[in-house]
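In: sequence and predicted structure, then a few things I'm wondering about:
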Amino acid sequence: MSSEAALPRRIVKETQRLLSEPAPGISATPYRDNLRYFNIIIAGPTGSPYESGIFKLELFLPEQYPMESPKVRFLTKIYHPNIDKLGRICLDILKDKWSPALQIRTVLLSIQALLSAPKCAAATRRGGRPPRRRAAAPPRRLPAARPPPALPAGRPRPRAAPTTRSRTTSPRCGRRTKIKR
């Protein structure tokens, strides 16, 4: 397990600052046995649909931190366009826009701001416009079934003999089988 002496000085300083000067609405406490893991509690921002919510997150600092972004995910179930059902967060600074100049505090404030104003990736790719929806194709009409031709009175309809046709693959398992019809 990691001890405070084995951690880089930057992580120790950031942790001390998070504990001594917490950001409003954000609580971050490191695990006792591994100081690279944090329990995060974020209060829903005022004026947002998440206003009265309390959200639990976990944050992990990889060995390459600060050259690599921290790993953050929601533990509390949340319905948000930038958070998937496993709690993974789609935020540019956690992906390709990460910079070693950013800190844990900045990441947590960005996540809190994301709750206030969701960012739709599809909208930003199109220059701020929402994605266009494709027009649904009209339903196809099937041709009307024709009645069987009339037979002379008193003659029974001939039956088809059962046949065995081989098919290359079965629709269920993909094995070569012979299907009786």
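Out: Received, thanks.
In: tally of neighbours for the closest residue to Pro66 other than its chain neighbours?
Out: The shortest distance from Pro66 to any non-neighbouring residue, by CB to CB, 6 or more residues apart in numbering, is to Pro100 (4.2 Å). Quick note: C-beta positions are derived from backbone N, CA and C, even for glycine. Neighbours of Pro100 under the rule other CB atoms under 10 Å: 11.
In: where do the strands sit along the protein?
Out: Under the criterion DSSP state E, the chain carries strands at the ranges 26-30, 37-43, 54-60, 71-74, 164-167, 177-180.
In: turn these into JSON lines, columns for distance to Lys85.
Out: As requested, the strands of the chain are arranged in JSON lines below (distance: least, CB to CB, whole Å):
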{"stretch": "strand 26-30", "distance to Lys85": "23"}
{"stretch": "strand 37-43", "distance to Lys85": "18"}
{"stretch": "strand 54-60", "distance to Lys85": "15"}
{"stretch": "strand 71-74", "distance to Lys85": "10"}
{"stretch": "strand 164-167", "distance to Lys85": "39"}
{"stretch": "strand 177-180", "distance to Lys85": "38"}
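In: circling back: gap between the residue nearest to Pro66 and Ile11?
Out: Counting by CB to CB, to the nearest Å, the separation of Pro100 from Ile11 is 13 Å.
In: start and end of stretch 19-30, how far apart?
Out: Taking CA to CA, to the nearest Å, the first and last residues of stretch 19-30 lie 9 Å apart.
In: mind listing residues that contact that stretch?
Out: Residues from elsewhere that reach stretch 19-30 (CB atoms under 8 Å, 6 or more residues apart in numbering): 15, 18, 36-43, 45, 59, 104-105, 108-109, 112.
In: only the buried subset of those residues, as a PyMOL command please.
Out: The following PyMOL line selects those of the contacts of stretch 19-30 that are buried, judged by 16 or more other CB atoms under 10 Å:
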select buried, resi 15+18+36+37+38+40+42+43+45+59+104+105+108+109+112
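In: got the end-to-end distance for stretch 72-91?
Out: So stretch 72-91: terminal residues 10 Å apart, CA to CA.
In: what's the neighbour count on the nearest residue to Lys56 once chain neighbours are set aside?
Out: Excluding the flanking residues, the one nearest Lys56 by CB to CB, 6+ apart is Leu75, at 4.3 Å. Residues near Leu75, counting by other CB under 10 Å, number 13.
In: check Leu75 and give its pLDDT.
Out: In this prediction, Leu75 carries a pLDDT score of 96.
In: that one: what's it in contact with?
Out: Counting by CB under 8 Å, 6+ apart, the residues that Leu75 touches are 56-58, 87.
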